[in-house]
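Asker: build me a model from this:
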Amino acid sequence: MDASVILPVEAEAFIQSLGTFSLKELGSAKWLRQHEYIEKLNMQAILSASATHDEFVKELLVSYRKIHVLVHEMILIEVWKHKVFPILYQQKDFNPKHTFQLYMVVYHEATIINLLETIMFHKDSYEAGNDCILDLVDYCHRKLTILASKASWESVASHDQPNMTEKTVSSIKDLQTMSAALEFEISLKSVSVLRYITDHTESISVINRMLCTHNMPCVLVQLIDCCPWSCSKKGNVEKYVNGRWQKIPDEDRLKITKLDAHVWLSLNNLLLKEACQRKYNFSNFNKSQLLKLRSFLTEVLIDQLPNLIELHRFLAHLTMIEPDPPKKELILEQIPEIRNHIMSKNSGKWEAIAKHQIKEIFSPSDSELKMQAQRLARTYNLDVMESLLSEKPKCASCGKEASKRCAPCQGEWYCNRECQVKHWPKHKSVCKLMAKAKETDQQDQQDQHVTS
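Answerer: Predicted coordinates for the structure are as follows:
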């Protein structure tokens, strides 16, 4: 995989410029510029990790101590989605012609958690996070708690849902649907991030937060029990793998997914590390929850994850003993600050922020929309994006595998002419805008070449 999104020197400039924003500024021109930078950094980080090339994006984020900026911006979007976005779509007089900016704000959280999933595999990324790791633990706990309520995902993670992209989202209603589906993806990414934190952490404050404040082992037991990334449909087993639901052949039904492995390895870390065992309260309730794992720890599972042999032994031992309660110690521990600061700073101002954004940010003129479309066309390098995908593109209308691309904008795929015609009323205005932006951008590049 030789394609690249940005060069190391570009990545360094992007990362040096990263900074935190206020809720009011989300969607502004300055914020959109940073979104583009983070989007490109994310794509490059995935390319580098997939091709086992020099992971210079990760190295630069660590060197310039920018992990905390990513965590802050991710939590900022989370708060905006819960507090401001609902007010926006309830405004009867707010009906934007295009939802580019809104889509970018909603999607930004997914971009950052994806980037964090890629870089947090490395211990130096965890160490560079410093105090914000506690905020990241809290964030993961919120997402995993929601994910463990499997019933809430059955209508959201619809198997027949069309492929939603920034080009098909043409109304506030579409945006709400896409936001709910994205929440499922984000929560799954949080499972991976939490696993890497449990791999690397030696901090008493982080361990205490996971075990005593959030009782993360019991949350993980609930995830194993309900397994929201697996379901039965018309007698077939389907699992959520690589961003979509896939039918699993009978011979592969007992094969674990990466998500299964992340949950089990997180539990393995939290229950077997000596520092964790000293902190965790093996109360009657916690013990009863943990012993549920024994029915899942089959020979087939242990063959796939041999690391779990020790966990199996530990649980067998736990059935026969009553562990001592953790000793009460005087500990000066850190506390997470990012979300609390955002909430306290903006408390009571949610409606004012929404009205400001409607007036100043999310109602752009035609010329501003054209400029945004040009920037979008530059950011999303279609050839590079397709090199990141291990599967064929999906039809923008029905969600099936597609082989035909929209000729004018090159941004949407369709499985046949009928789907393209059916989708045209929704895609028409965006297609013309994107096609014009690509044409203008190409003309600008030609003029620059002639001039030079």
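
Asker: so who does residue 101 touch?
Answerer: With contact set as CB atoms under 8 Å, 6 or more residues apart in numbering, residue 101 has these partners: 27, 32, 361, 362, 364, 372. To be clear about C-beta, it is placed using only N, CA and C from the backbone, and glycine gets the same treatment.

Asker: and residue 254, by the same measure?
Answerer: 300, 301.

Asker: helix/strand/coil for it?
Answerer: Secondary structure, DSSP: H, G, I helix; E, B strand; the rest coil: residue 254 is coil.

Asker: quickly note the distance from it to residue 221.
Answerer: 20 Å (CB to CB, to the nearest Å).

Asker: what do you get for residue 42?
Answerer: 32 Å.

Asker: now residue 201: closest residue in space, sequence neighbours ignored.
Answerer: Nearest non-adjacent residue to residue 201, counting by CB to CB, 6 or more residues apart in numbering: residue 207, 6.3 Å away.

Asker: contact partners for that neighbour?
Answerer: For residue 207, the contact set (CB under 8 Å, 6+ apart) comprises 201, 275, 276, 279.

Asker: relative to residue 344, how far out is it?
Answerer: Separation of residue 207 from residue 344 (CB to CB): 27 Å.

Asker: which residues of the protein score low on pLDDT?
Answerer: 1-3, 150-171, 327-333, 373-392, 410-411, 429, 432-452 (pLDDT under 70).

Asker: quick one, strands of the chain?
Answerer: According to DSSP state E, the chain carries its strands in the segments 230-233, 236-241, 244-247, 404-405, 413-414.

Asker: how near is the closest residue to residue 129 other than its chain neighbours to residue 35?
Answerer: For residue 129, ignoring the flanking residues on the chain, the nearest one in space by CB to CB, 6+ apart is residue 67 at 4.4 Å. Relative to residue 35, residue 67 is positioned 18 Å away (CB to CB).

Asker: again, but for residue 141
Answerer: Distance of residue 141 to residue 35, given as CB to CB: 26 Å.

Asker: the two: which has the busier surroundings?
Answerer: residue 35 (22 against 19; other CB atoms under 10 Å).

Asker: can I assume the more buried one is in contact with residue 108?
Answerer: Yes: contact criterion CB atoms under 8 Å: residue 35 and residue 108 qualify, at 5.6 Å.

Asker: check contacts around the closest residue to residue 268 other than its chain neighbours.
Answerer: Leaving out its chain neighbours, the residue that sits closest to residue 268 by CB to CB, 6+ apart is residue 311, at 5.1 Å. By CB under 8 Å, 6+ apart, the contact set of residue 311 is 264, 267, 268, 271, 272, 293, 297.

Asker: farthest pair within the residues you listed?
Answerer: Greatest spatial distance among the contacts of residue 311 (CB to CB): 272 and 297, at 13.4 Å.

Asker: neighbour count winner among these two?
Answerer: More neighbours surround residue 297 than the other of residue 272 and residue 297, with 18 against 15 (other CB under 10 Å).

Asker: give me the number of residues near the closest residue to that one other than its chain neighbours?
Answerer: In space, and not counting its chain neighbours, residue 297 is closest to residue 312: 4.9 Å by CB to CB, 6+ apart. Residues near residue 312, counting by other CB under 10 Å, number 16.

Asker: cool, residue 16 as well?
Answerer: Neighbours of residue 16 using other CB under 10 Å come to 12.

Asker: for residue 10, see how far away it is.
Answerer: Applying CB to CB, the value for residue 16 to residue 10 is 11 Å.

Asker: go on, residue 308?
Answerer: Taken as CB to CB, the span from residue 308 to residue 10 is 43 Å.

Asker: comparing those two, which residue is more hemmed in?
Answerer: Per other CB under 10 Å, whichever of residue 308 and residue 10 has more neighbours is residue 308, with 23 against 15.

Asker: surely the more buried one and residue 300 touch.
Answerer: No: between residue 308 and residue 300 there is no contact under CB under 8 Å: 11.3 Å.

Asker: overlap in contacts of these two?
Answerer: By CB under 8 Å, 6+ apart, no residue touches both residue 308 and residue 300.

Asker: burial count for the closest residue to residue 121 other than its chain neighbours?
Answerer: Nearest residue to residue 121, sequence neighbours excluded (CB to CB, 6+ apart): residue 196, at 5.7 Å. Each residue near residue 196 was counted by other CB under 10 Å, and the total is 23.

Asker: residue 196 and residue 205, how far apart?
Answerer: Here the criterion is CB to CB. By it, residue 196 lies 17 Å from residue 205.

Asker: the helices in the stretch 101-250 of the chain, which residues?
Answerer: With DSSP state H, counting those that start in this stretch as the criterion, the stretch 101-250 of the chain has helices at 123-129, 132-148, 172-200, 204-208, 216-226.

Asker: okay, buried residues for stretch 143-152 please.
Answerer: Buried residues in stretch 143-152, counted by 16 or more other CB atoms under 10 Å: 143, 144, 146, 147, 148, 150.

Asker: export those residues to CSV and append columns for distance to residue 63.
Answerer: Below are the buried residues of stretch 143-152 laid out as CSV (distance: CB to CB, whole Å):
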residue, distance to residue 63
143, 28
144, 30
146, 34
147, 33
148, 37
150, 41
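
Asker: number of nearby residues for residue 4?
Answerer: Counted by other CB under 10 Å, the residues lying close to residue 4 total 17.

Asker: please report how far it lies from residue 53.
Answerer: From residue 4 to residue 53 the distance is 9 Å (CB to CB).

Asker: and what of residue 187?
Answerer: Residue 187 is 29 Å from residue 53, where distance means CB to CB.

Asker: same deal with residue 84?
Answerer: Using CB to CB, one obtains 39 Å as the distance from residue 84 to residue 53.

Asker: looking at these two, which one has more neighbours?
Answerer: For residue 84 versus residue 53, neighbours defined as other CB under 10 Å are more numerous around residue 84 (22 against 13).

Asker: is it correct that the more buried one is in contact with residue 350?
Answerer: Yes: assessed by CB under 8 Å, residue 84 is found in contact with residue 350 at 5.6 Å.
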